[in-house]
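Novice: Quick one: sequence and predicted model below, then my questions.
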Amino acid sequence: AALLVLAAALHCVLARSHAPTVALWNAVDITLTSAHTYENPYLDVDLNGTFISPSGISMQTPGFWDGNRTWVVRFAPNETGTWVYRTAANVSDPGLDGVSGSFAAVAYAGPIAAMNRGFLKAEPGERYLQYGDGTPFFWLGDTHWSGFSTAEHLYDSNDPRFKTMFEGMLQYRRQQGYTVWKAETFANNNEAGNYPINEAGPAWVGNGFFANLNVSFWQNIDVRVRLAVENDLIVSIALGIGRSLTDPSMEPAHRRLSLYLLARYAAFPVVWITCQEYCASACGACWGRIAAALHAADPYHRPTSLHNCYENPIAFHNESWYSFVTLQQGHNMVSSVDHWLTQYAARPFKPVLEDEANYEQLIKEYGGGAEWKTRQSAWQAVIGGAFGFTYGGQGIWWACWNTSYQNFNCGPAGSEEYRVWNNTLEFPVGGTQMPAFARFWQSMPWWRILPDDAAVAWFGAPTDTQRPFQKADPLHEYIVAYLPQTNTSYSGQIMGLNPTSTYATAWFDPRTGERTPLSTAAPPCRPIAVPAKPSADDWVFLASADGSHSARPPTPVMTSTTPGGTLRSDSSTRIGATIVVGSQPLLVTALGRYAVPGNRLAHRVQIVRASFLDVLAEAIVDLAGATPDPLGFVYASLTAPAVLDAHGRYYLVTEETEGGDQWHDNIGTVLNGTLAAVVSAVYSTNDGSFIEDGGPGSAYGPVNFQATSC
């Protein structure tokens, strides 16, 4: 009831208005009356409006015919102050061409996120969509391909919980945490069962496709779009089925209809997915050009994409209008996380969305499929870099009123697999698990948590479709791993932890949304173990920095040096010191070389494990123009911290070149307390082995490193 009151209150904000004042990001209609009549107003008249913002920015949007002699230019201001506008038409008509006016835009004061923050946008190089003010947008979509048709009843309901079927679904999904409502008009398609018709009649009068436009059909859609917006949902719109455009000769008619769609809905919080499934039989190039035209004509240049078939390659990735990748994994499909990682890694970087995958309880005619596949697709997609997921449930992806309703998309009426809309709202995945999925990601800065192949080392894990994978933020304050269902028992270790924090770890159950804490703190220098899963089902492992660890800045291990011996540059070798770590592991963050006056070259400094002669850490220290620290060292940071084991023996060396920079062949050293001990000098031989030379405290070079004890 509260939501109905809210919707009624907001409707007046969004309603058509000639009022001189409109709130930011709210649609205002400039209504025009033509002085003449036209044989076919839809085809004969091109109308647009140019709007000048208070700061002088010009924005242009197409207008649309709205029945009889009425035309509308619909616009949403994105800047407060006085706006002025002027219309232009391709006909000499004083009612349409050259009409000017103004209105005032004021700040919006309401609960709709897109009107507080601005319409969605895609910034170059970013991996997610964001509101106009830069706030990241998490996409949890609900599929309603029949959402603009009579299948979703706009004015009645057969469920006493809801005044109407249409708005009841909107309210329920919003309460569950969905953020996107996706639909298509079918106005380009005359297939039986997918025919474009709603309570106001068919999209075209007398079946005159692309010519005899029925304005009432579109006015009915206006009501639906407004209701979705009032329920704080972004509307993802497709014109219609991709396979209906098979030949370039059909492209102009589709393009004109697409621009009519844009003219009616560009002033609302929408994104354009252009068509639903441009499969191999469709003219993909035609749809690409239509999407480009749609993006160019949009005054806000909203995110634009194309909804592809599961077998299609992503053909438009390099196009500037292609704002985000719209994937369709397909139905009754199980894929490796690589399905999404491949698109995530593609250049130029684009946000990735899984937009159609494993509809829950889908009828067998379309592939069927188990519930775990729906859930796995969502988790694998986001773990693999997607910024969200579009869910679909049988009984709502195409709305099925009751078990007597006849439509092949619902399955045989009255059959065991038939599902009705109000039951679909409470499916296990769509009703419980997808809301928990969204809450999980929204509880953390998900947009900073990126696929990271090195964040976890797995032991005995599957390598097929059920292989685990993980994400981490650059500072490794959050590490999230998804472990798909499998009977294989395996474990892992989280690597590269943030040295300034301790970590809390937990299992997250993606079926129930419950978290089971594993530990409240973990030593920051040691890998955190990922234990075997609690069951063969899929699980999510989370390690998050709790901030309780008091940060200690890394310090040089050698705190004083006594130069000795001769200065040399007579060999190409690695020289330095043998060190033994004290009783605590060390987290190394930088390596350094002593700067002898006159040194000017770059040197590769390494820490080599004495037992295996493998390089654990490496940095290039450039002495040219560098200012040494008070001890005479120049440092270079490691790209990732390295951990030295307690009591471990290591070679700390710098790579030198014959005739290059000079270095000392005998240095006395004093180390930082009990962190480590210098036990000898060391140099490498031609075969890659090392020879220790001299006694405790002696070193060549010398070299140094900065570390924190754990």
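Specialist: Received it, and whenever you're ready, just let me know what you need. Residues are numbered from 1 along each chain as shown.

Novice: contacting residues around Met59?
Specialist: Applying Cβ atoms under 8 Å, 6 or more residues apart in numbering to Met59 gives the contacts Thr50, Phe51, Ile52, Ser53, Phe75, Pro299, Tyr300. The C-beta positions use only the backbone N, C-alpha and C, and glycine is treated the same way.

Novice: check contacts around the fifth one.
Specialist: So the one you mean is Phe75. Phe75 touches Ala27, Val28, Ile30, Gly49, Phe51, Met59, Thr61, Tyr85, Ala267, Pro299, counting by Cβ under 8 Å, 6+ apart.

Novice: could you redo those as a markdown table and give each row distance to Ala109 and pLDDT?
Specialist: Below are those laid out as a markdown table (distance: Cβ to Cβ, whole Å; pLDDT from 0 to 100):
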| residue | distance to Ala109 | pLDDT |
| --- | --- | --- |
| Ala27 | 17 | 98 |
| Val28 | 17 | 97 |
| Ile30 | 24 | 97 |
| Gly49 | 26 | 98 |
| Phe51 | 22 | 98 |
| Met59 | 23 | 98 |
| Thr61 | 25 | 98 |
| Tyr85 | 24 | 97 |
| Ala267 | 19 | 98 |
| Pro299 | 24 | 98 |
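
Novice: Select from the residues you listed every entry located in strands.
Specialist: Val28, Ile30, Gly49, Phe51, Met59, Thr61, Tyr85 (DSSP state E).

Novice: now the helices: where do they sit in this protein?
Specialist: 2-14, 41-44, 113-117, 165-176, 215-230, 251-265, 284-297, 338-345, 371-383, 421-424, 434-442 (DSSP state H).

Novice: Nearest to Phe459, out of those helices?
Specialist: With respect to Phe459, and counting by Cβ to Cβ, the nearest of the helices of the chain is helix 371-383 at 19.0 Å.

Novice: List the residues that contact the closest residue to Ser236 other than its chain neighbours.
Specialist: Spatial nearest neighbour of Ser236, excluding adjacent residues (Cβ to Cβ, 6 or more residues apart in numbering): Lys182 at 4.0 Å. By Cβ under 8 Å, 6+ apart, the contact set of Lys182 is 141-145, 147, 235-238, 273, 355, 390.

Novice: how about a cut-off of 7 Å?
Specialist: Neighbouring residues of Lys182 by Cβ atoms under 7 Å, 6 or more residues apart in numbering: Gly141, Asp142, Thr143, His144, Ser236, Thr390.

Novice: do Gly81 as well
Specialist: Pro54, Ala105.

Novice: what about the nearest residue to Met165 once chain neighbours are set aside, how many neighbours?
Specialist: Leaving aside its sequence neighbours, Met165 sits nearest to His153 (Cβ to Cβ, 6+ apart; 4.1 Å). Residues lying near His153 (other Cβ atoms under 10 Å) number 20.

Novice: Quick check, central residue of the chain?
Specialist: Among the residues of the chain, the one closest to the centroid is Phe387, at 2.0 Å (Cα atoms, centre = their mean).

Novice: Surely it is in contact with Gln130?
Specialist: No - judged on Cβ atoms under 7 Å, Phe387 makes no contact with Gln130 at a distance of 9.4 Å.

Novice: Could you give the bridge partners of the closest residue to Gln60 other than its chain neighbours?
Specialist: Counting by Cβ to Cβ, 6+ apart, Thr50 is the residue found nearest to Gln60 once chain neighbours are left out, at 4.9 Å. On the basis of DSSP bridges, Thr50 is bridged to Gln60, Arg86.

Novice: check contacts around Thr50.
Specialist: The contact partners of Thr50, by Cβ under 7 Å, 6+ apart, come to Ser58, Gln60, Tyr85, Arg86.

Novice: Closest to Ala370 out of the residues you listed?
Specialist: Nearest member of the contacts of Thr50 to Ala370, counting by Cβ to Cβ, is Gln60, at 49.6 Å.

Novice: Now do the closest one against Leu261, distance only.
Specialist: Separation of Gln60 from Leu261 (Cβ to Cβ, to the nearest Å): 17 Å.

Novice: who touches Pro414 in this structure?
Specialist: I think there's a mix-up here, since residue 414 is Gly and not Pro. With contacts defined as Cβ under 7 Å, 6+ apart, Gly414 is in contact with Thr403.

Novice: JSON lines for the contacts of Lys182, including pLDDT and distance to Glu79?
Specialist: Shown next, in JSON lines, are the contacts of Lys182 (pLDDT from 0 to 100; distance: Cβ to Cβ, whole Å):
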{"residue": "Gly141", "pLDDT": "98", "distance to Glu79": "29"}
{"residue": "Asp142", "pLDDT": "98", "distance to Glu79": "32"}
{"residue": "Thr143", "pLDDT": "98", "distance to Glu79": "34"}
{"residue": "His144", "pLDDT": "98", "distance to Glu79": "33"}
{"residue": "Ser236", "pLDDT": "98", "distance to Glu79": "26"}
{"residue": "Thr390", "pLDDT": "98", "distance to Glu79": "32"}
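
Novice: Could you tell me which of those residues belong to strands?
Specialist: Using DSSP E, the contacts of Lys182 in strands are Gly141, Asp142, Thr143, Ser236, Thr390.

Novice: Verify the stated contact: the third one with Gly392.
Specialist: Right, the one you point to is Thr143. Yes - at 3.8 Å, Thr143 and Gly392 qualify as touching, with contact defined as Cβ under 7 Å.

Novice: Kindly state the pLDDT recorded for His11?
Specialist: With respect to pLDDT, His11 has a value of 35.

Novice: Any stretches of the stretch 601-710 of the chain with poor pLDDT?
Specialist: For the stretch 601-710 of the chain, applying pLDDT under 70 flags the ranges 669-674.

Novice: Check the gap between Asn319 and Pro299 for me.
Specialist: Residue 319: Glu, not Asn. Glu319 is 20 Å from Pro299, by Cβ to Cβ.

Novice: Please say which of those two ends up with more neighbours.
Specialist: Pro299 (20 against 16).

Novice: deepest of the helices of the chain, which one?
Specialist: With neighbours taken as mean count of other Cβ atoms under 10 Å, the helices of the chain reach their highest mean count in helix 371-383, at a mean of 24.

Novice: could you say what helices and strands that helix packs with?
Specialist: Helices and strands touching helix 371-383, by 3 or more Cβ pairs under 7 Å, 6 or more residues apart in numbering; DSSP states H and E, are strand 352-357, strand 388-391, helix 434-442, strand 469-472, strand 478-483.

Novice: follow-up on the earlier one: so what's the residue nearest to the centre of the chain closest to, chain neighbours aside?
Specialist: Using Cβ to Cβ, 6+ apart, the nearest residue to Phe387 is Tyr128, at 3.8 Å.

Novice: rewinding a little: so which of the helices and strands packed on helix 371-383 comes closest to Ala228?
Specialist: With Cβ to Cβ, the closest approach to Ala228 among the helices and strands packed on helix 371-383 belongs to strand 388-391: 14.6 Å.

Novice: Can you lay out the contacts of Met59 as JSON lines showing distance to Asn599?
Specialist: Shown next, in JSON lines, are the contacts of Met59 (distance: Cβ to Cβ, whole Å):
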{"residue": "Thr50", "distance to Asn599": "65"}
{"residue": "Phe51", "distance to Asn599": "64"}
{"residue": "Ile52", "distance to Asn599": "62"}
{"residue": "Ser53", "distance to Asn599": "58"}
{"residue": "Phe75", "distance to Asn599": "66"}
{"residue": "Pro299", "distance to Asn599": "60"}
{"residue": "Tyr300", "distance to Asn599": "57"}
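
Novice: coming back round to it: contacting residues for the residue nearest to Phe387?
Specialist: So Tyr128 contacts Pro136, Phe137, Pro351, Phe387, Trp447 (Cβ under 7 Å, 6+ apart).

Novice: isn't the third one right up against Leu327?
Specialist: No - counting by Cβ under 7 Å, Leu327 is not a contact partner of Pro351; they are 11.2 Å apart.

Novice: What's the end-to-end length of stretch 322-339?
Specialist: For stretch 322-339, the first and last residues are 19 Å from each other (Cα to Cα, to the nearest Å).

Novice: how many other residues sit next to the closest residue in space to Gly648 that isn't next to it in sequence?
Specialist: Among residues not flanking Gly648 along the chain, Val581 sits closest, at 4.9 Å (Cβ to Cβ, 6+ apart). Val581 has 22 neighbours, counted by other Cβ under 10 Å.

Novice: Cool, thanks, signing off.
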